[in-house]
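1. give me a model of this one.
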Amino acid sequence: IPPSRSSDCRCVPITLIVGFCIHPTGLSSVAKMIDEHPNLCQSDDECMKKGSGNFCARYPNNYIDYGWCFGSDSEALKGFL
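-> Residues are numbered from 1 along each chain as shown. Below you'll find the predicted structure:
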């Protein structure tokens, strides 16, 4: 079940454990925000480009299309996984 009543809702993480849901009509502004956020990622390469780490750890929630950047040897990554 999605985190909101709407199956069209997409989760947008703000921090490691906090986020909000948005309807797809607002996704272009959210995509821009995620591009600008230093720790949100879709790939390891994106983390390296942002300088936020070298590993993109995906959220375990299928409704979140992004991950969080970590250094591959960081203690925070071990806690996230």
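
2. just the helices from this protein, written as ranges.
-> 27-36, 44-50, 75-80 (DSSP state H).

3. so where's this protein shaky on pLDDT?
-> The model of the chain has pLDDT under 70 over residues 1-10, 16-17, 23-30, 74-81.

4. if you set the cut-off to 90 instead, what comes out?
-> 1-43, 52-53, 55, 57-68, 70-81 (pLDDT under 90).

5. please enumerate the strands of it.
-> For the chain, applying DSSP state E gives strands covering 10-13, 19-22, 40-41, 55-58, 67-70.

6. relative to K49, which of these is closest?
-> Closest of these to K49 is strand 40-41, at 9.2 Å (criterion: Cβ to Cβ). Placement of C-beta: from N, CA and C, glycine included.

7. hey, what's V12 bridged with?
-> F20 (DSSP bridges).

8. touching, it and I22? I think so.
-> Yes: the pair V12 / I22 is scored as a contact, 5.7 Å apart, by Cβ atoms under 8 Å.

9. who has more neighbours out of the two?
-> V12 (20 against 17; other Cβ atoms under 10 Å).

10. kindly provide the distance from the more buried one to G71.
-> In this view, V12 and G71 are 24 Å apart by Cβ to Cβ, to the nearest Å.

11. next: M48.
-> 11 Å.

12. what residues do those two have in common as contacts?
-> By Cβ atoms under 8 Å, 6 or more residues apart in numbering, M48 and G71 have these common neighbours: N54.

13. what's around L40, how many residues?
-> 25.
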